[in-house]
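Chemist: have a look at this prediction, sequence included:
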Amino acid sequence: MTRIPPASPDVYGPLFGDQAPLRQQVYANAPAIAGPYLQFMKALRDNSVLARRLVELVRLRISFHNQCRSCMAIRYADGIDDGLTEDLVCSLEKPQEADDLTPAERAALAFADKMATDHLQVDDQTFRDLAAHFTDQERMDLCFQVATFVGYGRLGSALAMTDDLPQEYADPDAVLAPWTQTPQSVV
């Protein structure tokens, strides 16, 4: 059950609409922050120079490390339009062994893994590995994406916003993965 209940419809409705998803209903408990926060998230997506497929792969891999159920349940349409498939999502289980991921995607996922699990292991070699595939602008963009997904996903996990998800997402003791769970929505 969601650890902070949704705000009342008279609070979340004006911010996000009457049909707002549960996570936005919960965020609306801090209305002065929730709107700008989601504007930031939209700006991050809209202004990224990275391939949408790459961003979605990184987001989903981090959702596994965070165990953010609401993150795992979503697929973004722009990632799908850019080539993300559920077969590709299955490659996230062992990305360094996956032959359907590009070397650039594997480098980005290795960076994301370190940032999500032990950021003190990010070192000069990590950035040399990224530099083999990404420009300075792309690496900085990737840093913003990864940092946002780590923090945002941990927030989602801590809030346990699963009330609107199928039962398979509800067990707080189960270790879930985007490569084993059925996506529930495309946004």
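Modeler: Structure received. Residues are numbered from 1 along each chain as shown.

Chemist: quick one: contacts for the residue nearest the centre of the chain?
Modeler: Note on the chain: the residue nearest the mean C-alpha position is Arg59, at 3.4 Å, using CA atoms, centre = their mean. When contacts are counted by CB atoms under 8 Å, 6 or more residues apart in numbering, Arg59 touches Cys71, Tyr76, Gln145, Phe149. From N, CA and C alone the C-beta is placed, and that goes for glycine too.

Chemist: what's the strand or helix carrying Ser70 packed up against?
Modeler: Here Ser70, judged by DSSP states H and E, is contained in helix 69-72. Helix 69-72 sits against helix 52-66, helix 136-159, with contacts defined as 3 or more CB pairs under 8 Å, 6 or more residues apart in numbering; DSSP states H and E.

Chemist: let me have those helices in JSON lines, adding distance to Glu97 and mean pLDDT as columns.
Modeler: Below are the helices and strands packed on helix 69-72 laid out as JSON lines (distance: least, CB to CB, whole Å; pLDDT from 0 to 100):
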{"stretch": "helix 52-66", "distance to Glu97": "14", "mean pLDDT": "98"}
{"stretch": "helix 136-159", "distance to Glu97": "21", "mean pLDDT": "97"}
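
Chemist: which one of those helices is the most hemmed in?
Modeler: Highest mean neighbour count of those: helix 52-66, a mean of 24 (counted as mean count of other CB atoms under 10 Å).

Chemist: any idea how far Ala160 is from Asp129?
Modeler: Taking CB to CB, to the nearest Å as the measure, Ala160 falls 35 Å from Asp129.

Chemist: generate CSV for the helices and strands packed on helix 69-72, with distance to Ala177 as supplementary columns.
Modeler: Putting the helices and strands packed on helix 69-72 into CSV (distance: least, CB to CB, whole Å) gives the following:
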stretch, distance to Ala177
helix 52-66, 5
helix 136-159, 13
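
Chemist: nearest to Asp171 among those would be which one?
Modeler: Closest to Asp171 of those is helix 136-159 (CB to CB; 13.4 Å).

Chemist: what's the helix or strand bottoming out on mean pLDDT in the chain packed up against?
Modeler: Sorting the helices and strands of the chain by mean pLDDT, DSSP states H and E puts strand 185-186 at the bottom, at a mean of 92. In terms of contacts (3+ CB pairs under 8 Å, 6+ apart), strand 185-186 is packed against strand 74-75.

Chemist: rewinding a little: dump the contacts of Arg59 to a markdown table, plus distance to Lys42.
Modeler: Below are these laid out as a markdown table (distance: CB to CB, whole Å):
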| residue | distance to Lys42 |
| --- | --- |
| Cys71 | 16 |
| Tyr76 | 12 |
| Gln145 | 13 |
| Phe149 | 15 |
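
Chemist: right, I'll leave it there.
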